[in-house]
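Undergrad: coords below, sequence missing:
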């Protein structure tokens, strides 16, 4: 049913605005809760998280205790499965697997190593698509081709010779063949996560040059944050709370580690054109930091560059001794505004 037809049938139907920033915060909270029970998490997409249970058996009292602890740590109903491989755990937690092989309404499914091949053999080949890399669209085309050839279960795919699968489907087919036979790649847990965040509230109907200046103010605040500790930035996420409800956000990866406000503004400024609606606030997060700036050293530099470097070091020392708000500069925001508070703003120097 289309949106117009749904509203005609039910005038009181409420339309929810997309909120990717809220969803990202919720999923990050889920991952932190899992890390709180001692798990090293791998999560490539929201809604899926994998971790090894071997090191947690003694802490939580066996495999069943680890599964119960993971489910108890969640702020929402979830499906928890334990299996020898990542793909088998995904399949056991999927509704397509028959609620954990006939375990009723239990949200915990455990597949023992001796049962792995039999468990996978009964599953439909369609379950491969979400776990193949890349998942879209070659994986869906592969699964559709298998179905047309009469290979509708993982058992039928596993029974084929690997050479024939490689000859017909290439590396992606070999990957699917290995998953059907119970082989998978080792987990790649994420490292310690530390973010630096800066936000700013926007006046009504802010746009154009005002929005650009607000972005400059946001970049300055992020780089001056004491928790950054002079580290360079590798990746950013620019988000906004929309005036009509919901949120918007985009990830930005820098070409090399950087701490230059001019370079960061140049990368982020084109993203503002993709705002779907007027924004109430902007948020900028440094999602990946590193110690080195990665910039190539120069054999010589001009006098103005040397002076700028000394000024930057002096500003850093002043902020270290007196706090982040000890050294500020005036940024012209909206000189034509009738409200004095909107004409200029103080930003870290």
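TA: Everything's here; your move. A quick note: this is a predicted structure, and the numbers were derived from the prediction, not measured.

Undergrad: so where is the stretch 151-300 of the chain shaky, pLDDT-wise?
TA: When the per-residue scores of the stretch 151-300 of the chain are filtered using pLDDT under 70, the ranges that remain are 205-207, 292-300.

Undergrad: can you give me the strands for it?
TA: Using DSSP state E, counting those that start in this stretch, the strands of the stretch 151-300 of the chain run over 196-201, 232-242, 247-258, 279-290.

Undergrad: Which residue ranges make up each domain of this structure?
TA: Domain assignment for the chain, taken from automatic domain parsing, gives 39-180, 196-292+312-348.

Undergrad: circling back to that earlier point, with residue 270 as the reference, name the closest of the strands of the stretch 151-300 of the chain.
TA: Of all the strands of the stretch 151-300 of the chain, it is strand 247-258 that lies closest to residue 270, at 9.6 Å by Cβ to Cβ. C-betas here are computed from N, CA, C, even on glycine.

Undergrad: ok and that closest one relative to strand 279-290, angle-wise?
TA: Using axes from the mean of the first three to the mean of the last three Cα atoms, to 10 degrees, the direction of strand 247-258 lies 30 degrees away from that of strand 279-290.

Undergrad: Please enumerate the helices of the stretch 101-250 of the chain.
TA: Ranges of helices in the stretch 101-250 of the chain, per DSSP state H, counting those that start in this stretch, are 116-121, 140-148, 154-158, 162-180, 209-224.

Undergrad: Residue 129: which of those helices is closest?
TA: The closest approach between residue 129 and any of the helices of the stretch 101-250 of the chain, judged by Cβ to Cβ, belongs to helix 140-148 at 4.9 Å.

Undergrad: what helices or strands is the closest one leaning on?
TA: Contacts of helix 140-148 with other secondary structure elements, assessed using 3 or more Cβ pairs under 8 Å, 6 or more residues apart in numbering; DSSP states H and E, are made with helix 162-180.

Undergrad: Give me the buried positions along the helix it packs on.
TA: For helix 162-180, the neighbour count (16 or more other Cβ atoms under 10 Å) marks 165, 169, 172, 173, 175, 176, 177, 178, 179, 180 as buried.

Undergrad: try stretch 33-53
TA: Residues of stretch 33-53 classed as buried by neighbour count (16+ other Cβ under 10 Å): 34, 35, 39, 40, 41, 42, 43, 49, 50, 51, 53.

Undergrad: In those residues, find the pair that's most separated.
TA: Largest pairwise distance in those, by Cβ to Cβ, is 15.9 Å, between 43 and 53.

Undergrad: Could I get the contacting residues of the nearest residue to residue 190 once chain neighbours are set aside?
TA: Setting aside the residues directly before and after it, residue 190 is nearest to residue 41 in space (Cβ to Cβ, 6 or more residues apart in numbering), at 6.0 Å. Neighbouring residues of residue 41 by Cβ atoms under 8 Å, 6 or more residues apart in numbering: 31, 34, 35, 49, 50, 51, 189, 190.

Undergrad: One more pass at 10 Å, please.
TA: The neighbourhood of residue 41, defined by Cβ atoms under 10 Å, 6 or more residues apart in numbering, consists of 30, 31, 32, 34, 35, 49, 50, 51, 187, 189, 190, 193.

Undergrad: repeat for residue 50
TA: With contacts defined as Cβ under 10 Å, 6+ apart, residue 50 is in contact with 34, 39-44, 81, 83, 85-87, 89-90, 187-189.

Undergrad: Which ones among these map onto helices?
TA: Using DSSP state H to define helices, the subset of the contacts of residue 50 located there is 34, 86, 87, 89, 90.

Undergrad: Return the member of those nearest to residue 111.
TA: residue 89 (7.6 Å).

Undergrad: what about residue 27, which helix or strand?
TA: helix 20-36 (DSSP states H and E).

Undergrad: Now for the closest residue to residue 166 other than its chain neighbours: which residues touch it?
TA: With Cβ to Cβ, 6+ apart as the criterion, residue 166 has its nearest non-adjacent residue at 5.1 Å, and that residue is residue 174. Listed by Cβ under 10 Å, 6+ apart, the contact set of residue 174 reads 162, 163, 165, 166.

Undergrad: Save the residues you listed as CSV, and put in distance to residue 131 too.
TA: Conversion of the contacts of residue 174 to CSV gives the following (distance: Cβ to Cβ, whole Å):
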residue, distance to residue 131
162, 19
163, 23
165, 17
166, 19
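
Undergrad: now, among these, which is nearest to residue 151?
TA: Distances from the contacts of residue 174 to residue 151 were compared by Cβ to Cβ; the smallest belongs to residue 165, at 9.8 Å.

Undergrad: which residues touch that closest one?
TA: 146, 151, 157, 158, 172, 173, 174, 175, 176, 177, 178, 180.

Undergrad: give me that answer again for 8 Å
TA: Counted by Cβ under 8 Å, 6+ apart, residue 165 has contacts 157, 173, 174, 176, 177.

Undergrad: quick one: it from residue 123, how far?
TA: As judged by Cβ to Cβ, to the nearest Å, residue 165 and residue 123 stand 17 Å apart.

Undergrad: Name the surrounding residues that touch the helix or strand hosting residue 345.
TA: Per DSSP H and E, residue 345 falls inside strand 344-348. Judged by Cβ under 8 Å, 6+ apart, the contacts made with strand 344-348 from elsewhere in the structure are 216-217, 220-221, 223-224, 319, 324-325, 327-333, 335.
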